[in-house]
Each structure stands twice: as C-alpha cells, then as structure tokens.
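[1] Quick one, what's the 3D model for this:
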Amino acid sequence: MAEQWSAVPEWVAKAEGDWEAVDILLSRNSPRLRDSIVFHAQQCVEKLLKARLIQLGQPVDKIHDLAALSHQLGAVDSQWSWDAEELSDLSSGAVLARYPGFETSAEEQTELVQIASRLREALKILLESIQKGE
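    Numbers count the residues shown, from 1 in each chain. Predicted coordinates:
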C-alpha cells in the first residue's frame with residue numbers, strides 16, 4: 001500500500017537533515033569523513049525520490065538503489081529522467097563506503113556530492129511544483 005501524501009513533508013525533512021549533515025561534514029574537511037559525506041548525500045537523494053513517488057501515489061519499497069527508484073519514478077512522471085550511471089555511482093559509493101577496504105577519495109567525494117546536489121535541486125523543483133498546484 002502506498003504511503004499517504006501527507007508523509008511527503010516528513011520524507012523531505014529527513015532528506016534535508018541528511019543534506020545538512022553533508023554540509024556540516026564538508027565543513028570539517030577531514031579525509032576520514034568522506035565516506036559519511038557520500039553516504040548522507042545518497043540518503044538525501046533516496047529520500048527525495050521516495051517523497052516524489054509518494055506524492056504521486058506510488059508504493060515505496062525499502063530499497064536503496066537510486067537507479068531502481070529513478071526508473072520507478074520515470075515510469076509515472078514524464079518530467080523525470082536521470083542518467084542511470086550517475087545514480088549507480090552515487091548508490092555504489094554510498095554502499096561501498098560503509099565497509100572496510102574502501103575509502104572515498106577527495107575526487108570521488110567531490111563528484112558524488114555534485115551529482116547529489118544536482119539531483120536534490122531537480123527533485124525539490126518537482127516536489128514543489130505539485131505542492132503549488134502546477
């Protein structure tokens with residue numbers, strides 16, 4: 001069963017909490033925080049994708065694969081499309097970063113945060129367009 005539309009602001013608030021964590025962690029400029037930065041960037045995008053799906057009355061599975069969520073969204077929202085490779089990179093970076101033996105480089109962090117930032121802005125525009133009745 002799909003979550004109620006009223007849950008959308010809660011999902012957006014959780015996503016923005018993750019983005020605030022990204023900003024705070026970036027300000028520390030510590031190599032040890034790169035993995036956490038990428039994780040929270042991915043989490044922000046995941047929650048915004050889920051918020052948009054809920055907003056459109058779609059069921060949301062407990063998955064973390066951004067490409068799969070984007071594909072699901074694209075099937076019901078003609079305004080949405082995103083490069084699957086970028087989505088996969090962000091998903092993989094966030095998952096791999098949670099395990100020993102993998103460290104996010106400064107370059108990877110920069111690239112993945114930029115991808116997440118663009119996704120965040122695009123999704124927020126779509127979320128706001130429906131809330132304004134457009």
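
[2] helix/strand/coil for the residue positioned nearest the centre of the chain?
    Centroid-nearest residue in the chain: residue 45, 0.8 Å away (criterion: CA atoms, centre = their mean). At residue 45 the chain is in helix, as set by DSSP: H, G, I helix; E, B strand; the rest coil.

[3] from the chain's centre, how far out does the helix or strand where residue 23 lies sit?
    Assigned by DSSP states H and E, residue 23 belongs to helix 8-28. Centroid separation for helix 8-28 versus its chain: 10 Å, with CA atoms, centre = their mean, to the nearest Å.

[4] pLDDT (mean, whole number) over it?
    Across helix 8-28, pLDDT averages out at 97.

[5] Give me the buried positions along that helix.
    For helix 8-28, a neighbour-count test (16 or more other CB atoms under 10 Å) marks 8, 11, 12, 14, 15, 18, 19, 21, 22, 25, 26 as buried. In short, each C-beta sits where N, CA and C put it, glycine included.

[6] Report how many residues lie close to the nearest residue to the second one once chain neighbours are set aside.
    Right, residue 11. Excluding its sequence neighbours, the residue lying closest to residue 11 (CB to CB, 6 or more residues apart in numbering) is residue 51, at 3.7 Å. Burial measure for residue 51: 25 neighbouring residues, criterion other CB atoms under 10 Å.

[7] Toward the C-terminus from the helix or strand where residue 51 lies, list the very next helix or strand.
    Assigned by DSSP H and E, residue 51 belongs to helix 34-55. Following helix 34-55 in sequence order, the next helix or strand is helix 66-76 (DSSP H and E).

[8] low pLDDT regions in this protein?
    Applying pLDDT under 70 to the chain flags the ranges 1-3, 5, 130-134.
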